[in-house]
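S.K.: here is my input, please return the structure:
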Amino acid sequence: MAEDQAGPDLSQGLSLAELPDGGKLVGHVGDEQVLLTRQGSDAFAVGAHCTHYHGPLVDGLIVDGAVRCPWHHACFDLRTGEAVRAPAFSPLDTWTVEQRDGKLFVREKRARPSAKPRAASGGPNRIVIVGGGAAGFAAAEMLRRQQYGGEIVVLSSDDAPPVDRPSLSKDYLAGSAPEEWVPLSPPSFYSDNSIDLRLRSAVRRSCGAVGRTRGRGKHRRQGLSRPLQARRTHARCRFDLPRPAKPGSRGAHGTRRGAVRDFV
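M.R.: Coordinates of the predicted model:
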């Protein structure tokens, strides 16, 4: 049997006894591998591999209605296939599951839902993301996916848009991956989603609601309606900053919330 048809043909039915509550297995529907899981009285059928690096989801954990990839911990909603946690951004395919005569039958593949119209912002009018790496990209992408309608500004000290650093540092430099694998998204993603990506912009200091950025040799003041720090693999919305030392004191006293300072 071909590799892409490993496991049982799920369209022909699988006995409930072969898939106990909490169980999961990989079968196929046509030429596609499918992960079938059972959670109580519900059963879900989704693509068998993570959309990030093709990790085997059958080896991952299922928690709160979502499956987590064992390789880099991307997380997918079992009902919708949505990628709800980076580093994956693309959804899994999903199939309908029918329960009949003590068996589970995986039927037709569901159409992926179309993007919802962007809603009027009920929160801050602007979110400024400090950091143009994978975490900054993930934050901006999720904000738009959740229909945030305000302005999004991404400040990056890099010369290029966000890239997949493992692909760049391992596969591409080794000559085993094409250049188009390196960017996390095509350039049109930012204009299509009204994301203001500002390259070569190093944040020097920000206090309160106003910050200062430097880009292309110029300084500008940047209003921070809601700052979001995304310098590493996870984004954070609030920050600790030592309070300025009082005259004659030995150092900083306590911390102040909601400010960013000295990023470079």
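S.K.: now the residue most central in space within the chain: how far from Arg144?
M.R.: Relative to the mean C-alpha position of the chain, the nearest C-alpha, by C-alpha atoms, centre = their mean, is the one of Ala86, at 2.9 Å. Distance of Ala86 to Arg144, computed by C-beta to C-beta, to the nearest Å: 14 Å. For every residue, glycine as well, the C-beta is placed using N, CA and C.
S.K.: ok, which stretches of the stretch 101-250 of the chain are helices?
M.R.: Along the stretch 101-250 of the chain, the stretches classed as helices by DSSP state H, counting those that start in this stretch are 134-145, 165-166, 188-192.
S.K.: surely the residue nearest to the centre of the chain touches Ala134?
M.R.: Yes: shown here, Ala86 and Ala134 form a contact pair, counting by C-beta atoms under 8 Å, at 6.7 Å.
S.K.: just the helices of the stretch 101-250 of the chain: most buried one?
M.R.: Looking across those with neighbours counted as mean count of other C-beta atoms under 10 Å, the highest average goes to helix 134-145: a mean of 22.
S.K.: show me what His49 is bridged to.
M.R.: Beta bridges link His49 to Pro56 when assigned by DSSP bridges.
S.K.: check contacts around it.
M.R.: 33, 55-57 (C-beta atoms under 8 Å, 6 or more residues apart in numbering).
S.K.: what mean pLDDT does stretch 196-204 get?
M.R.: For stretch 196-204, mean pLDDT rounds to 87.
S.K.: actually stretch 36-46, sorry about that
M.R.: For stretch 36-46, the per-residue pLDDT averages 95.
S.K.: okay, it in PDB with CA atoms only?
M.R.: In PDB, the C-alpha atoms belonging to stretch 36-46 read as follows (Å, rounded to 0.1, in the frame of the first residue of the first chain):
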ATOM      1  CA  LEU A  36      -9.500  10.500  13.100                       C
ATOM      2  CA  THR A  37     -10.100  11.300  16.800                       C
ATOM      3  CA  ARG A  38     -12.900  10.600  19.300                       C
ATOM      4  CA  GLN A  39     -13.800  12.900  22.200                       C
ATOM      5  CA  GLY A  40     -16.800  11.500  24.100                       C
ATOM      6  CA  SER A  41     -19.700  11.200  21.700                       C
ATOM      7  CA  ASP A  42     -18.000  13.400  19.100                       C
ATOM      8  CA  ALA A  43     -15.500  12.300  16.400                       C
ATOM      9  CA  PHE A  44     -13.400  14.600  14.300                       C
ATOM     10  CA  ALA A  45     -11.400  14.100  11.000                       C
ATOM     11  CA  VAL A  46      -8.700  16.500  10.100                       C
END
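S.K.: any buried residues in it, and which?
M.R.: By 16 or more other C-beta atoms under 10 Å, the buried positions in stretch 36-46 come out as 36-39, 43-46.
S.K.: any chance you could map the strands in the stretch 51-200 of the chain?
M.R.: Ranges of strands in the stretch 51-200 of the chain, per DSSP state E, counting those that start in this stretch, are 61-63, 66-68, 75-77, 83-85, 94-100, 103-109, 126-130, 151-155, 195-198.
S.K.: pick the most deeply packed of the ones you listed.
M.R.: Note that of the strands of the stretch 51-200 of the chain, strand 126-130 is the most buried (mean count of other C-beta under 10 Å), with a mean of 24.
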